[in-house]
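Engineer: Pasted the sequence and its predicted model underneath.
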Amino acid sequence: MNRDRLIVVLLCVAAILVVAIVGMSLATDRNREVAVAKLRAKGSAMGGRLPAGMAVVAHPKKDDTPKPSAAEPSKPSPSDAESLAAFQRLIEKKKALSDAASWKDVFDMYGKRPNEWTEAERARIAAFLAANRDLILDLRRLAESGGPLYRLDYSKGFGMELPHLAQLRDFARMLAADAAVSADAGNYAEAIDDLIAGMKLANGLDKEPFLISQLVHFAMAGVLLNAIEGSMRGEDLPADQCARLIQCLSNAANRQALADSFTTEGLFGLNAFEGIRTGETRNITYGTFGNNDWEPFLLGVYASPFARPWLNSDEETYADIMGRVGDAARLPYCEAKPILDQVDAEFANLPRTRVLSRLLLPSLSSVVFSASRYETLMNLTCIGLAVEQYHAQNGAYPSSLDAVAPTLGGVVPTDPLTGQPYVYQPSGGSFALYSAYTAPPPAEGSSAPQRVPGADANGHFSWRGPQ
């Protein structure tokens, strides 16, 4: 009798647990669907920047007949095919050069700022570039073509290969080096052709809605800005060439591209969640999560019906945060910061049951800050060149930045980090120009200010300051 009673009790408990789990699954699934629908809608609104197949998670059920995915690479047009082929030829030409032992260390020198080169290094770089002038000219032509430079295979999701990014970074360094060498020789038209070509190659990455592509874009721009600061002054530039450079730099920052990249990454993440939910995990790259040891857990416990409420809540959290960070990326940093601070606080307190969210969401706010830092440095370069050009034309620095507004397209840009005008302080034969943004307070237990890459000792980003 006691045995029968125990069985009945256990069955009742099991039934209660099943009902509770089913109820929780239904409730959390509704919340998940709302958050996921919002993120998918952002993908659908990207206006062709993302293949249609990415806007809806594409994991066919096991009994479905697989259909071609709209996210798979399509056949390029003739002009695109030529651009892709030209880029590949440049990669092969660069590889042949870099394989030569006599020039290997020249490529390493490109990683330095031009004002850090020794005279011997400067001479070797100049000789190398002179001997390989055809490569520089080919890079300029490629930049004018507008791309694309690499065929993107969206069907691989997080496993998509992007080998062209490292090549583009190296080409930006080469163009920056050639610009510095040309400026040394007084060939400013050649120098500016190099810088504009490099910026066009960097800006071409705006067409690739991926976070890594945007980060490489920022890195390439940083290399080119270093070349400007370290090798030329607005006073030395012909007015028309200075205007060309300022116009190119003024059009470089693109918050929408960064926001779109968060949407794309979010959709890839939804594919990962859906793959776990349906068992169709062939397109999930677990190395993306940082540790392949997670695979048995993801495919076992986390994918089981009993864990469905937690999987649903995890996906809801992930979709919601990716959507909010994407919205924040469209704003000036000073307006985005409260949103990002809230996201950071939520992430710090995520329960351990948010397994994929905890793996996929770290450092999102730092990416938005990097984009704003890049925009600030770009603005400072444009303003700094305009002020120096004004000095060349008038024999004195302007009393306020309003005097250079015409050179900047009619409006002096506002600092996205603070929402305030940039600080400008003319003083006799020089001037100071910087962002009023300051580094965060010292870390607990430390008296030293938190160093931010590119900031000076006061925590400011400044024209002709450390980058």
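Structural biologist: Cool, the structure landed.

Engineer: Run a quick neighbour tally on residue 134.
Structural biologist: Counted with other Cβ atoms under 10 Å, residues neighbouring residue 134 total 9. All C-beta atoms are positioned from the backbone trio N, CA, C, and that covers glycine.

Engineer: Helices of the stretch 301-450 of the chain, start to end?
Structural biologist: 308-329, 333-348, 355-360, 364-394 (DSSP state H, counting those that start in this stretch).

Engineer: show me where pLDDT drops low in this protein?
Structural biologist: Residues of the chain meeting the criterion pLDDT under 70: 1-27, 47-76, 78, 101-104, 111, 156-158, 280-300, 439-454, 457, 465-467.

Engineer: The closest residue to residue 150 other than its chain neighbours: neighbouring residues, count only.
Structural biologist: Closest residue to residue 150 apart from its sequence neighbours, by Cβ to Cβ, 6 or more residues apart in numbering: residue 164 at 3.9 Å. As a burial measure, residue 164 scores 23 neighbours (other Cβ under 10 Å).

Engineer: now swap in residue 80 and tell me
Structural biologist: Neighbours of residue 80 (other Cβ under 10 Å): 17.

Engineer: cool, and residue 304?
Structural biologist: 10.

Engineer: secondary structure class for residue 179?
Structural biologist: Secondary structure for residue 179, judged by DSSP: H, G, I helix; E, B strand; the rest coil, is helix.

Engineer: roughly how far apart are it and residue 113?
Structural biologist: 12 Å (Cβ to Cβ, to the nearest Å).

Engineer: Between the two, tell me which one has more neighbours.
Structural biologist: For residue 179 versus residue 113, neighbours defined as other Cβ under 10 Å are more numerous around residue 179 (29 against 17).

Engineer: out of the helices of the stretch 301-450 of the chain, which comes closest to residue 230?
Structural biologist: Among these, helix 364-394 comes nearest to residue 230, with 11.8 Å by Cβ to Cβ.

Engineer: about what we covered before: residues touching the residue nearest to residue 150, list them.
Structural biologist: Applying Cβ atoms under 8 Å, 6 or more residues apart in numbering, we find residue 164 in contact with 87, 91, 149, 150.

Engineer: Any chance of CSV for those, columns secondary structure and distance to residue 339?
Structural biologist: Supplementary listing: these in CSV, determined by DSSP: H, G, I helix; E, B strand; the rest coil; distance: Cβ to Cβ, whole Å:
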residue, secondary structure, distance to residue 339
87, helix, 37
91, helix, 40
149, coil, 33
150, coil, 33
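
Engineer: still on that earlier bit, common neighbours of residue 179 and residue 113, please.
Structural biologist: The contact lists of residue 179 and residue 113 share residue 227, where a contact means Cβ under 8 Å, 6+ apart.

Engineer: Outline the domain layout of the protein.
Structural biologist: 2-70+258-362, 78-252 (automatic domain parsing).

Engineer: Distance to residue 415 for these - can I get that in JSON lines?
Structural biologist: Output for these, formatted as JSON lines (distance: least, Cβ to Cβ, whole Å):
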{"stretch": "domain 2-70+258-362", "distance to residue 415": "8"}
{"stretch": "domain 78-252", "distance to residue 415": "15"}
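
Engineer: ranking these by burial, who's on top?
Structural biologist: domain 78-252 (a mean of 18; mean count of other Cβ atoms under 10 Å).

Engineer: So which of the domains of the chain is nearest residue 392?
Structural biologist: Among these, domain 78-252 sits nearest to residue 392 (Cβ to Cβ), with 4.1 Å.

Engineer: just to revisit the earlier point, want to throw the helices of the stretch 301-450 of the chain into TSV with distance to residue 109?
Structural biologist: As requested, the helices of the stretch 301-450 of the chain are arranged in TSV below (distance: least, Cβ to Cβ, whole Å):
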stretch	distance to residue 109
helix 308-329	35
helix 333-348	34
helix 355-360	38
helix 364-394	23
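
Engineer: between those helices, which gets nearest to residue 117?
Structural biologist: That would be, of those and by Cβ to Cβ, helix 364-394, which comes in at 20.4 Å.

Engineer: in that closest one, what's buried?
Structural biologist: 364-365, 367-391 (16 or more other Cβ atoms under 10 Å).

Engineer: which helices and strands sit right next to that helix?
Structural biologist: Other elements packing on helix 364-394 under the criterion 3 or more Cβ pairs under 8 Å, 6 or more residues apart in numbering; DSSP states H and E are helix 211-231, helix 239-250, helix 255-278, helix 308-329, helix 333-348, strand 430-434.

Engineer: one more time with 10 Å, if that's ok
Structural biologist: Applying 3 or more Cβ pairs under 10 Å, 6 or more residues apart in numbering; DSSP states H and E, we find helix 364-394 packed against helix 211-231, helix 239-250, helix 255-278, helix 308-329, helix 333-348, strand 423-427, strand 430-434.

Engineer: export those to JSON lines and tack on distance to residue 409?
Structural biologist: Shown next, in JSON lines, are the helices and strands packed on helix 364-394 (distance: least, Cβ to Cβ, whole Å):
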{"stretch": "helix 211-231", "distance to residue 409": "18"}
{"stretch": "helix 239-250", "distance to residue 409": "6"}
{"stretch": "helix 255-278", "distance to residue 409": "18"}
{"stretch": "helix 308-329", "distance to residue 409": "24"}
{"stretch": "helix 333-348", "distance to residue 409": "22"}
{"stretch": "strand 423-427", "distance to residue 409": "17"}
{"stretch": "strand 430-434", "distance to residue 409": "18"}
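
Engineer: what's around the residue nearest to residue 438 when sequence neighbours are not counted, how many residues?
Structural biologist: Distances taken as Cβ to Cβ, 6+ apart put residue 459 closest to residue 438, at 4.1 Å, once the chain neighbours are dropped. If you count neighbours by other Cβ under 10 Å, residue 459 ends up with 16.

Engineer: Distance from the chain centre to stretch 121-134, please.
Structural biologist: Stretch 121-134 sits 31 Å away from the centroid of its parent chain (Cα atoms, centre = their mean, to the nearest Å).

Engineer: Residues touching it, excluding its own?
Structural biologist: Stretch 121-134 is contacted by residues 93-94, 97, 102-103, 105-110, 112, 114, 117-118, 135-136, 138, 174-175, 177-178, 180-182, 184-185, 194 when judged by Cβ atoms under 10 Å, 6 or more residues apart in numbering.

Engineer: got the end-to-end distance for stretch 91-107?
Structural biologist: Taking Cα to Cα, to the nearest Å, stretch 91-107 runs 14 Å from one end to the other.

Engineer: And the contacts of it?
Structural biologist: 121, 124-125, 127-129, 131-132, 134-135, 138-139, 149-150, 163-164, 166-168, 170-171, 173-174, 177.
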